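Enquirer: please find the sequence and the predicted model below.
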Amino acid sequence: MKQLIATLAVIFFTMTAFGQDFESKQFTGEDFEKTNVRVGADFALQYQALSHSADSSLIPLGSGINLPTANLNLDGDIAPGIKLSLVTYLSSRHHVEAWVKGGYLLMDELQFLNSDMIDKAMDRLTFKVGVMEVNYGDAHFRRSDNGDVINNPFVGNYIMDAFTTAPAFEAMYRQNGWLLMGAVSSGSLKPSLAGYSGFTNSYTPYDMHEELAYYFKGGFDKQLNDDLRLRTTVSAYLNKQHHFGSLYNGDRAGSRYYLVMKEQTGSPDDVDPASGHTSGRWGPGFTDKNHAYMANIFAQYKGVELFGTYETTSGTSAFSPAEYQFDQIAVEGLYRFGKNDEFYAGGRYNVVNNDGDQSAERLQIGGGWFMTDNVMLKLEYVDQKYENFAAYGDNAGFDGLMFEAAISL
């Protein structure tokens, strides 16, 4: 262990920091001349060297290269102050075929309405509508999204991963660093005209009013001086009924820790990367009522960066009327250095507990190098432990090294 830590330390101090983006900055249509489309892409590849253990029989893990992942991005200026974004997953752990993540309109101006009053209001407002990643909390801005991993300083996402896509409408007001956002979505990853309840073992007609989810965000984000930036937000996600996917099982691309803690059954699916594509994660996976709240703080002073998350969520399953709760804490710190802050090193601590006395705890230590603005390398040591999981027994968990290379254009 001492030798491993020493090796990592040498690598860290011979290895960019990335600039943290949250919501898109407001833009004007002053420079708009004609409709144009920009093509971009994201590519990611990992080398995995992890081992896992449990009292139950787990599949044997080796070391090697994971399935490469890729995104295709189309962005266009379609009118003054109006942009279009479309993201397609070309290759992912969960799907071998190409499929659309989502597409939406981002509107910072509404000049086509020919209203001076609306034009003035839009100086502070942004509208977003389409099928998109819901803007609940700030942690989703720092997660890996299939081939798009350049905003995540580590390789893995949170243990309890709040991420989903859905048809939605968001309205955001911003002034002098303050922001307030309200939104409504279909409340479903996979909209359908008929819903199935495992609790009653029956289908019911789709009721849009019952399925709708509402989410909100308020906070402050400002560059206070040349050296200090501060952002703090509080978010809520409220869903009365949710039959097809939820906030905590909406990632269809898959986890970065392939096949960890997967029990051996003798089936060919044991070694299929798409089988159990959320390996290494743990959370509620609510399929019915869900209320979730997240508080985040981000601070950057010169080369030091801190990001913290507290989250609590409760809900019910379509298979049981009993309500249960999960809580999550995550704290990460980074130090950026180099002539252009092209190197970084840091760590993340993440723990999730439920009201059934189960817990999962993870430590990530990592570093990275932005070779250019679009090409980066990462190295991470991860150690995750499970407590009070009947299926795993005592001393269950996984640990080891992950190496990731990424290109984003």
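Expert: That came in fine, so what should we check first? Residues are numbered from 1 along each chain as shown.
Enquirer: quick one, what contacts L110?
Expert: G81, I118, D119, M122 (CB atoms under 8 Å, 6 or more residues apart in numbering). For the C-beta atoms, the positions are set from N, CA and C on the backbone; glycine is no exception.
Enquirer: in TSV: the residues you listed, plus secondary structure.
Expert: Formatted as TSV, those follow (DSSP: H, G, I helix; E, B strand; the rest coil):
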residue	secondary structure
G81	coil
I118	helix
D119	helix
M122	coil
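Enquirer: now, among those residues, which is nearest to W369?
Expert: Among the contacts of L110, G81 lies closest to W369 (CB to CB), at 37.1 Å.
Enquirer: ok, that closest one to T372 distance?
Expert: G81 sits 31 Å away from T372, going by CB to CB, to the nearest Å.
Enquirer: between those two, who's got more neighbours?
Expert: A direct count of neighbours by other CB atoms under 10 Å for G81 and T372 places G81 higher, at 21 against 9.
Enquirer: for that one, give me phi and psi.
Expert: Main-chain torsions, G81, degrees, to the nearest 10: phi 80, psi 10.
Enquirer: just use 37 as the starting number from now, easier for me
Expert: Fine by me, first position is 37 from now on; the one you just mentioned is G117.
Enquirer: what sits against it?
Expert: Listed by CB under 8 Å, 6+ apart, the contact set of G117 reads F63, T64, G65, F68, M143, D144, E145, L146, Q147, M158.
Enquirer: M143 too?
Expert: Here M143 is in contact with G117, I118, K119, M158, T162, F163, K164, V165 (CB under 8 Å, 6+ apart).
Enquirer: what's across from it in the sheet?
Expert: I118, F163 (DSSP bridges).
Enquirer: pull out the buried residues from the contacts of L146.
Expert: G117, M158 (16 or more other CB atoms under 10 Å).
Enquirer: for the contacts of L146, which one is nearest Q400?
Expert: Taking the contacts of L146 together and measuring to Q400 by CB to CB, the closest member is G117, at 39.9 Å.
Enquirer: including distance to L342, could the contacts of L146 go into JSON lines?
Expert: Below are the contacts of L146 laid out as JSON lines (distance: CB to CB, whole Å):
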{"residue": "G117", "distance to L342": "34"}
{"residue": "I154", "distance to L342": "39"}
{"residue": "D155", "distance to L342": "39"}
{"residue": "M158", "distance to L342": "34"}
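Enquirer: quick check: the two most widely separated of the contacts of L146?
Expert: The widest separation within those (CB to CB) is 11.4 Å, between G117 and I154.
Enquirer: now Y346, which residues is it bridged with?
Expert: Beta-bridge partners of Y346, as defined by DSSP bridges: A331, I365.
Enquirer: okay, now it: neighbour count?
Expert: 15.
Enquirer: which residues in the stretch 287-436 of the chain form strands?
Expert: 326-337, 340-353, 356-373, 379-390, 395-406, 411-423, 432-444 (DSSP state E, counting those that start in this stretch).
Enquirer: so can I have TSV of those strands showing mean pLDDT?
Expert: As requested, the strands of the stretch 287-436 of the chain are exported to TSV (pLDDT from 0 to 100):
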stretch	mean pLDDT
strand 326-337	96
strand 340-353	94
strand 356-373	92
strand 379-390	98
strand 395-406	97
strand 411-423	98
strand 432-444	97
